[in-house]
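A.B. asks: let me see the structure of the following:
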Amino acid sequence: MLLMAALSYFSLMSCAQIRLKEPTARHRMFETDLRPGAVNLLEEIERYFGKQVVERFTEEPSVFANNGIGPDGTPFVAINKSKTIDEGIIVHELFHLKLKALGFPSPRFKVHPQYVSSIRKLDIRSPS
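C.D. replies: Numbers count the residues shown, from 1 in each chain. Sure thing, here's the model as predicted:
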């Protein structure tokens, strides 16, 4: 988790070397404006997969956000409708897609039912 946060931070901080592009719909995801570093990450992932990243919403209470690759090879990011969506969450999920594109494994964690309610109370957001 700390590694992902560091990668997100350094990717976004590298925007000083990126030339700005005209605003387009692809500079937004989930009605959230993306800064140049996040746009570059999104475009990089779309080049890896050869398809646009699809935005999805989930209403599953145990899911904050997730990502994946559809049966036809289309990458997607899904975010729970009930959560506050910000650029940090989007970038976090995009980095997971990048790691999948590079061949890294996608670990899954099972939580003992005794601790599920405690975990659901967590609302992790990007620092403002």
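A.B. asks: tell me the secondary structure for residue 79?
C.D. replies: Look at residue 79: counting by DSSP: H, G, I helix; E, B strand; the rest coil, its state is strand.
A.B. asks: specify the beta-bridge partners of it.
C.D. replies: Judged by DSSP bridges, the bridge partners of residue 79 are residue 57, residue 65.
A.B. asks: which ones are touching it?
C.D. replies: Contact analysis of residue 79 by Cβ atoms under 8 Å, 6 or more residues apart in numbering lists 30, 55, 56, 57, 58, 64, 65, 85, 89, 90, 93. Backbone N, C-alpha and C define where each C-beta goes, glycine included.
A.B. asks: let's see 10 Å
C.D. replies: Residue 79 is in contact with 29-30, 32, 55-58, 63-67, 85-86, 89-90, 93, counting by Cβ atoms under 10 Å, 6 or more residues apart in numbering.
A.B. asks: ditto for residue 98
C.D. replies: By Cβ under 10 Å, 6+ apart, the residues touching residue 98 are 7, 11, 41, 42, 44, 45, 48, 67, 75, 104.
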